[in-house]
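Asks: starting from these lines, generate the structure:
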Amino acid sequence: MEIPPEIITDILYRLPAKSLARFKSVSKNWQSQISHPQFIKHHQKTLNHHHLICNSHNTSLYSLPINPDNQSDQTPKNITCLSPHTDIFIFHGSCNGLVLCSTDDCINCHSLVVFNPTTGELVTIPESGFDVISNFLEIDIMYGFGYDSVTDDYKVVTVSYFHYNYLVPPGDMCVCVYSLGDGNWRRVDDSVYDHSHGRSLPGVLVNGVLHWVASRGSDGLRVIVGFSLADETFSEVSSPEFGDRGDVLSKRGCRLVGGGEKLGVFFGDVVWVMNEYGVRESWVEIVICGINEIPVVDPEIFYEDGRILLVSGGVMWIYDVEGKAFCESIDISTKVKGLKVKGSYVESLVSPKFI
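Replies: I've put the predicted structure just below:
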(Lines give C-alpha, C1' and ligand atoms only; values in the text may rest on other atoms or scores of the structure.)
Protein backbone atom coordinates (compact mmCIF):
# COMPACT_ATOMS: atom_id res chain seq x y z
CA MET A 1 0.00 0.00 0.00
CA GLU A 2 1.42 3.34 -1.08
CA ILE A 3 1.15 6.29 1.31
CA PRO A 4 -0.31 9.41 -0.38
CA PRO A 5 2.30 12.18 -0.92
CA GLU A 6 0.27 14.74 1.08
CA ILE A 7 0.34 12.47 4.16
CA ILE A 8 4.11 12.01 3.83
CA THR A 9 4.51 15.80 3.58
CA ASP A 10 2.36 16.31 6.66
CA ILE A 11 4.50 13.82 8.60
CA LEU A 12 7.71 15.52 7.46
CA TYR A 13 6.43 18.90 8.66
CA ARG A 14 6.16 17.46 12.19
CA LEU A 15 9.73 16.12 12.38
CA PRO A 16 12.66 18.00 13.96
CA ALA A 17 14.96 19.87 11.58
CA LYS A 18 17.90 17.69 12.68
CA SER A 19 16.09 14.56 11.50
CA LEU A 20 14.99 16.15 8.23
CA ALA A 21 18.57 17.16 7.47
CA ARG A 22 19.51 13.46 7.64
CA PHE A 23 16.47 12.36 5.62
CA LYS A 24 17.61 14.38 2.60
CA SER A 25 19.73 11.37 1.66
CA VAL A 26 16.74 8.98 1.51
CA SER A 27 15.90 9.89 -2.09
CA LYS A 28 16.22 12.66 -4.65
CA ASN A 29 12.53 13.38 -4.23
CA TRP A 30 12.87 13.87 -0.45
CA GLN A 31 16.01 15.96 -0.93
CA SER A 32 14.15 18.24 -3.36
CA GLN A 33 11.07 18.49 -1.14
CA ILE A 34 12.90 19.13 2.15
CA SER A 35 15.19 21.71 0.51
CA HIS A 36 12.34 23.63 -1.14
CA PRO A 37 11.94 27.19 0.27
CA GLN A 38 8.18 26.77 0.78
CA PHE A 39 8.67 23.56 2.74
CA ILE A 40 11.34 25.23 4.91
CA LYS A 41 9.11 28.23 5.66
CA HIS A 42 6.12 26.04 6.55
CA HIS A 43 8.30 23.81 8.74
CA GLN A 44 9.55 26.86 10.65
CA LYS A 45 5.98 27.80 11.56
CA THR A 46 5.10 24.22 12.52
CA LEU A 47 8.03 23.30 14.75
CA ASN A 48 10.53 25.44 16.67
CA HIS A 49 13.01 23.73 18.97
CA HIS A 50 15.09 26.29 20.89
CA HIS A 51 18.74 25.66 21.70
CA LEU A 52 21.47 27.41 23.66
CA ILE A 53 24.81 27.81 21.93
CA CYS A 54 27.76 27.38 24.29
CA ASN A 55 31.51 26.96 24.34
CA SER A 56 33.89 25.45 26.86
CA HIS A 57 37.41 25.89 28.19
CA ASN A 58 38.78 23.79 25.35
CA THR A 59 37.11 26.20 22.85
CA SER A 60 34.77 23.52 21.51
CA LEU A 61 31.29 24.71 20.54
CA TYR A 62 28.11 22.98 21.72
CA SER A 63 24.35 23.19 21.27
CA LEU A 64 22.01 22.46 24.16
CA PRO A 65 18.20 22.04 23.86
CA ILE A 66 16.14 24.49 25.92
CA ASN A 67 13.60 22.04 27.25
CA PRO A 68 12.78 22.60 30.93
CA ASP A 69 10.03 19.94 30.71
CA ASN A 70 12.46 17.18 29.72
CA GLN A 71 15.70 17.27 31.69
CA SER A 72 16.87 14.02 30.09
CA ASP A 73 17.16 16.04 26.88
CA GLN A 74 19.80 18.38 28.39
CA THR A 75 22.81 16.78 26.68
CA PRO A 76 25.27 19.15 24.95
CA LYS A 77 26.04 18.19 21.35
CA ASN A 78 29.23 19.24 19.63
CA ILE A 79 28.93 21.69 16.72
CA THR A 80 31.45 20.58 14.13
CA CYS A 81 30.90 22.92 11.17
CA LEU A 82 33.36 25.54 12.51
CA SER A 83 37.10 25.03 12.29
CA PRO A 84 38.43 22.74 15.04
CA HIS A 85 41.25 25.26 15.44
CA THR A 86 38.88 28.08 16.46
CA ASP A 87 40.29 29.78 19.59
CA ILE A 88 37.78 32.62 19.99
CA PHE A 89 34.04 32.52 19.30
CA ILE A 90 31.93 35.69 19.58
CA PHE A 91 28.16 35.37 19.15
CA HIS A 92 26.55 38.30 17.29
CA GLY A 93 22.97 37.11 16.93
CA SER A 94 20.69 34.52 15.37
CA CYS A 95 17.59 34.44 13.20
CA ASN A 96 15.48 31.51 11.93
CA GLY A 97 18.17 28.99 12.82
CA LEU A 98 21.11 30.90 11.32
CA VAL A 99 23.86 32.18 13.64
CA LEU A 100 26.19 35.14 13.01
CA CYS A 101 29.54 34.99 14.80
CA SER A 102 33.17 36.07 14.67
CA THR A 103 35.93 33.51 15.02
CA ASP A 104 39.69 33.68 15.48
CA ASP A 105 41.87 30.62 14.94
CA CYS A 106 45.27 29.63 16.25
CA ILE A 107 47.09 31.64 13.57
CA ASN A 108 45.05 34.80 14.35
CA CYS A 109 42.92 34.54 11.22
CA HIS A 110 39.71 36.51 11.89
CA SER A 111 36.49 35.48 10.15
CA LEU A 112 32.87 36.62 10.20
CA VAL A 113 30.59 33.67 9.42
CA VAL A 114 26.91 32.76 9.19
CA PHE A 115 26.16 29.10 9.87
CA ASN A 116 23.30 26.74 10.63
CA PRO A 117 24.22 24.56 13.64
CA THR A 118 21.45 22.09 12.72
CA THR A 119 22.51 21.37 9.12
CA GLY A 120 26.20 22.29 9.42
CA GLU A 121 26.08 24.68 6.43
CA LEU A 122 28.32 27.75 6.65
CA VAL A 123 29.26 30.82 4.64
CA THR A 124 32.13 33.21 5.33
CA ILE A 125 31.28 36.91 5.05
CA PRO A 126 33.91 38.94 3.17
CA GLU A 127 35.44 42.09 4.66
CA SER A 128 33.30 45.12 3.98
CA GLY A 129 36.10 47.41 2.85
CA PHE A 130 34.45 50.23 4.81
CA ASP A 131 35.55 49.33 8.34
CA VAL A 132 39.19 50.38 8.25
CA ILE A 133 40.10 54.00 7.60
CA SER A 134 43.58 54.08 9.11
CA ASN A 135 45.92 51.65 10.84
CA PHE A 136 46.39 54.29 13.54
CA LEU A 137 42.73 54.16 14.64
CA GLU A 138 41.06 51.84 17.14
CA ILE A 139 37.73 50.47 15.99
CA ASP A 140 34.63 49.32 17.87
CA ILE A 141 32.05 47.34 15.89
CA MET A 142 28.51 46.43 16.91
CA TYR A 143 26.84 43.68 14.90
CA GLY A 144 23.27 42.79 14.10
CA PHE A 145 21.68 40.00 12.08
CA GLY A 146 18.15 39.38 10.90
CA TYR A 147 15.63 38.60 8.18
CA ASP A 148 14.07 41.20 5.88
CA SER A 149 10.64 39.82 4.96
CA VAL A 150 10.12 42.50 2.30
CA THR A 151 13.04 41.31 0.16
CA ASP A 152 13.15 37.72 1.53
CA ASP A 153 16.80 38.25 2.48
CA TYR A 154 19.06 37.84 5.50
CA LYS A 155 21.20 40.84 6.39
CA VAL A 156 24.29 41.49 8.49
CA VAL A 157 24.51 45.01 9.94
CA THR A 158 27.64 46.65 11.38
CA VAL A 159 27.81 49.94 13.28
CA SER A 160 31.48 50.95 13.51
CA TYR A 161 33.17 53.72 15.47
CA PHE A 162 36.71 54.91 14.89
CA HIS A 163 38.60 56.20 17.93
CA TYR A 164 41.44 58.67 17.60
CA ASN A 165 41.81 58.67 21.39
CA TYR A 166 39.68 56.77 23.89
CA LEU A 167 39.77 59.77 26.24
CA VAL A 168 37.54 61.74 23.87
CA PRO A 169 34.32 60.84 22.02
CA PRO A 170 34.79 58.77 18.84
CA GLY A 171 35.34 60.53 15.57
CA ASP A 172 33.84 58.73 12.58
CA MET A 173 30.88 56.37 12.28
CA CYS A 174 30.23 53.83 9.55
CA VAL A 175 26.99 51.82 9.13
CA CYS A 176 27.09 48.95 6.64
CA VAL A 177 24.68 46.25 5.48
CA TYR A 178 25.62 42.91 3.93
CA SER A 179 23.04 40.93 1.96
CA LEU A 180 23.30 37.14 1.94
CA GLY A 181 21.13 37.30 -1.17
CA ASP A 182 23.51 39.19 -3.44
CA GLY A 183 26.73 38.75 -1.45
CA ASN A 184 27.52 42.48 -1.32
CA TRP A 185 28.22 45.10 1.35
CA ARG A 186 26.65 48.56 1.12
CA ARG A 187 27.26 51.64 3.22
CA VAL A 188 23.99 53.23 4.40
CA ASP A 189 23.13 56.48 6.19
CA ASP A 190 24.76 56.93 9.58
CA SER A 191 22.72 56.95 12.78
CA VAL A 192 21.95 60.32 14.34
CA TYR A 193 22.32 58.61 17.73
CA ASP A 194 25.51 57.99 19.68
CA HIS A 195 26.05 54.22 19.91
CA SER A 196 29.61 54.43 21.22
CA HIS A 197 28.73 53.58 24.83
CA GLY A 198 27.08 50.29 23.80
CA ARG A 199 30.01 48.03 24.82
CA SER A 200 29.79 46.34 21.40
CA LEU A 201 26.65 44.39 22.36
CA PRO A 202 24.83 42.73 19.43
CA GLY A 203 21.54 44.13 18.20
CA VAL A 204 18.41 42.50 19.65
CA LEU A 205 16.12 41.35 16.82
CA VAL A 206 12.36 41.80 17.28
CA ASN A 207 9.74 42.42 14.57
CA GLY A 208 12.29 42.81 11.77
CA VAL A 209 14.13 45.53 13.69
CA LEU A 210 17.55 45.42 15.40
CA HIS A 211 17.66 47.25 18.75
CA TRP A 212 20.44 48.92 20.72
CA VAL A 213 20.63 51.34 23.63
CA ALA A 214 22.13 54.63 22.43
CA SER A 215 22.34 58.29 23.45
CA ARG A 216 20.21 60.98 21.87
CA GLY A 217 22.33 63.71 20.34
CA SER A 218 20.21 66.63 21.52
CA ASP A 219 20.22 65.94 25.27
CA GLY A 220 22.41 62.84 25.75
CA LEU A 221 19.47 60.84 27.14
CA ARG A 222 19.79 57.07 26.78
CA VAL A 223 17.06 55.66 24.53
CA ILE A 224 16.20 52.46 22.65
CA VAL A 225 17.08 52.81 18.96
CA GLY A 226 15.89 50.44 16.24
CA PHE A 227 17.35 49.75 12.80
CA SER A 228 14.69 48.54 10.36
CA LEU A 229 16.02 45.77 8.14
CA ALA A 230 13.43 46.68 5.50
CA ASP A 231 13.97 50.47 5.42
CA GLU A 232 17.62 50.37 6.57
CA THR A 233 17.06 53.43 8.74
CA PHE A 234 17.34 54.19 12.47
CA SER A 235 14.48 55.45 14.65
CA GLU A 236 13.69 55.74 18.35
CA VAL A 237 11.57 53.02 19.97
CA SER A 238 9.40 53.87 22.97
CA SER A 239 10.92 52.93 26.34
CA PRO A 240 9.16 51.72 29.49
CA GLU A 241 8.22 54.03 32.33
CA PHE A 242 10.87 53.18 34.92
CA GLY A 243 9.32 55.21 37.75
CA ASP A 244 11.47 55.63 40.86
CA ARG A 245 14.14 53.31 39.42
CA GLY A 246 15.44 56.32 37.52
CA ASP A 247 17.22 56.30 34.18
CA VAL A 248 17.57 52.52 33.94
CA LEU A 249 18.90 52.53 30.36
CA SER A 250 22.02 54.42 31.47
CA LYS A 251 22.85 52.04 34.32
CA ARG A 252 25.54 49.39 34.12
CA GLY A 253 23.98 45.96 34.00
CA CYS A 254 20.96 47.07 32.00
CA ARG A 255 20.51 45.17 28.77
CA LEU A 256 17.97 44.64 26.03
CA VAL A 257 16.61 41.12 25.62
CA GLY A 258 14.34 39.41 23.14
CA GLY A 259 12.11 36.38 23.34
CA GLY A 260 8.79 35.19 22.00
CA GLU A 261 8.88 38.05 19.48
CA LYS A 262 8.78 40.58 22.32
CA LEU A 263 11.32 43.26 23.19
CA GLY A 264 12.44 43.41 26.80
CA VAL A 265 14.64 45.45 29.14
CA PHE A 266 16.41 43.56 31.94
CA PHE A 267 17.90 45.26 35.00
CA GLY A 268 18.44 43.97 38.52
CA ASP A 269 15.34 42.03 39.55
CA VAL A 270 12.99 43.33 36.84
CA VAL A 271 12.19 42.59 33.21
CA TRP A 272 10.05 45.08 31.31
CA VAL A 273 8.32 43.43 28.32
CA MET A 274 6.68 45.19 25.37
CA ASN A 275 3.60 43.07 24.67
CA GLU A 276 2.62 44.94 21.48
CA TYR A 277 5.56 46.15 19.44
CA GLY A 278 5.82 49.92 19.11
CA VAL A 279 3.02 50.64 21.59
CA ARG A 280 4.38 52.49 24.60
CA GLU A 281 1.37 51.63 26.77
CA SER A 282 1.96 47.89 26.23
CA TRP A 283 5.14 47.78 28.35
CA VAL A 284 4.60 45.68 31.47
CA GLU A 285 6.89 45.28 34.47
CA ILE A 286 7.72 41.75 35.69
CA VAL A 287 9.48 41.56 39.06
CA ILE A 288 11.60 38.40 39.35
CA CYS A 289 11.01 37.49 42.99
CA GLY A 290 13.97 35.77 44.64
CA ILE A 291 16.58 36.56 41.98
CA ASN A 292 18.80 38.17 44.62
CA GLU A 293 18.95 34.87 46.50
CA ILE A 294 20.49 32.85 43.67
CA PRO A 295 24.02 33.17 42.22
CA VAL A 296 23.13 34.83 38.92
CA VAL A 297 26.00 36.83 37.40
CA ASP A 298 25.73 38.51 33.99
CA PRO A 299 22.99 36.09 32.85
CA GLU A 300 21.68 35.24 29.44
CA ILE A 301 17.92 35.78 29.72
CA PHE A 302 15.02 34.50 27.62
CA TYR A 303 11.29 35.15 27.92
CA GLU A 304 9.08 32.41 26.51
CA ASP A 305 5.57 31.06 27.17
CA GLY A 306 5.09 32.77 30.53
CA ARG A 307 8.48 31.66 31.80
CA ILE A 308 11.75 33.52 32.19
CA LEU A 309 14.91 31.49 31.68
CA LEU A 310 18.13 32.83 33.17
CA VAL A 311 21.38 31.05 32.41
CA SER A 312 24.45 31.80 34.49
CA GLY A 313 27.49 29.82 35.61
CA GLY A 314 26.37 26.64 33.87
CA VAL A 315 22.94 26.62 35.54
CA MET A 316 19.56 27.31 33.91
CA TRP A 317 17.05 28.90 36.29
CA ILE A 318 13.38 28.80 35.29
CA TYR A 319 11.04 31.47 36.66
CA ASP A 320 7.26 31.04 36.50
CA VAL A 321 5.84 34.52 35.87
CA GLU A 322 2.29 33.63 36.94
CA GLY A 323 3.43 31.77 40.07
CA LYS A 324 5.97 34.53 40.87
CA ALA A 325 8.64 32.03 41.85
CA PHE A 326 11.56 30.03 40.48
CA CYS A 327 10.12 26.60 39.76
CA GLU A 328 13.38 24.73 39.12
CA SER A 329 17.04 24.91 38.18
CA ILE A 330 18.94 22.68 35.75
CA ASP A 331 22.72 22.19 35.87
CA ILE A 332 23.77 22.23 32.22
CA SER A 333 27.51 21.95 32.85
CA THR A 334 27.62 18.43 34.31
CA LYS A 335 28.51 16.80 30.97
CA VAL A 336 31.08 19.38 29.78
CA LYS A 337 33.45 21.32 32.04
CA GLY A 338 33.44 25.10 31.88
CA LEU A 339 30.37 25.36 29.65
CA LYS A 340 29.49 29.02 29.03
CA VAL A 341 26.34 30.16 27.24
CA LYS A 342 26.90 32.57 24.36
CA GLY A 343 23.39 32.89 22.88
CA SER A 344 20.47 30.93 21.48
CA TYR A 345 18.96 29.77 18.19
CA VAL A 346 16.09 27.67 16.88
CA GLU A 347 16.40 24.47 14.88
CA SER A 348 15.67 25.07 11.21
CA LEU A 349 16.48 23.97 7.69
CA VAL A 350 17.25 27.50 6.45
CA SER A 351 20.48 27.55 4.48
CA PRO A 352 22.95 30.47 4.60
CA LYS A 353 23.44 29.61 0.91
CA PHE A 354 19.69 29.70 0.24
CA ILE A 355 19.76 32.32 -2.52
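Asks: quote the end-to-end distance of stretch 183-194.
Replies: End-to-end distance of stretch 183-194 (CA to CA, to the nearest Å): 29 Å.
Asks: residues in contact with that stretch?
Replies: 126, 128-130, 159, 169, 173-179, 214-217, 220, 223, 225, 227, 232-234, 236 (CB atoms under 8 Å, 6 or more residues apart in numbering). Using the backbone N, CA and C atoms, a C-beta is placed for each residue, glycine as well.
Asks: what subset of these is buried?
Replies: 128, 159, 173-179, 214-215, 223, 225, 227, 234 (16 or more other CB atoms under 10 Å).
Asks: among these, which two are most distant?
Replies: Ser179 and Ser215 (29.1 Å; CB to CB).
Asks: between the buried ones among the contacts of stretch 183-194, which sits nearest Lys324?
Replies: Using CB to CB, the buried ones among the contacts of stretch 183-194 come closest to Lys324 at Val223, 30.2 Å.
Asks: look up how far Asp153 lies from the closest one.
Replies: Noted for Val223: a distance of 28 Å to Asp153, by CB to CB, to the nearest Å.
Asks: now, which of the buried ones among the contacts of stretch 183-194 sits nearest Glu241?
Replies: Nearest to Glu241, judged by CB to CB, of the buried ones among the contacts of stretch 183-194 is Val223 at 13.6 Å.
Asks: surely the closest one is in a strand?
Replies: Yes - secondary structure of Val223 (DSSP: H, G, I helix; E, B strand; the rest coil): part of a strand.
Asks: which residues does Ile90 form beta bridges with?
Replies: Beta-bridge partners recorded for Ile90 (DSSP bridges): Ser102.
Asks: go on, Val223?
Replies: The partner residues for Val223, given DSSP bridges, come to Ala214.
Asks: if I pick it, what's in contact with it?
Replies: 193, 213-216, 236-237, 239, 249.
Asks: please identify which pair of those residues lies farthest apart.
Replies: Ser215 and Val237 (14.4 Å).
Asks: stretch 53-63 spans what distance, first to last residue?
Replies: End residues of stretch 53-63 are separated by 5 Å (CA to CA).
Asks: could you give the mean pLDDT of that stretch?
Replies: Stretch 53-63 carries an average pLDDT of 75.
Asks: got the contact list for it?
Replies: Outside stretch 53-63, the residues touching it (CB under 8 Å, 6+ apart) are 51-52, 64, 76-79, 82, 86-89, 91, 94, 99, 117, 332, 336-345.
Asks: mind doing that once more with 6 Å?
Replies: Applying CB atoms under 6 Å, 6 or more residues apart in numbering, the contact partners of stretch 53-63 are 51, 64, 76-79, 82, 87, 89, 117, 336, 338-343, 345.
Asks: report the buried members of those.
Replies: 51, 64, 76, 79, 82, 89, 117, 336, 339-343, 345.
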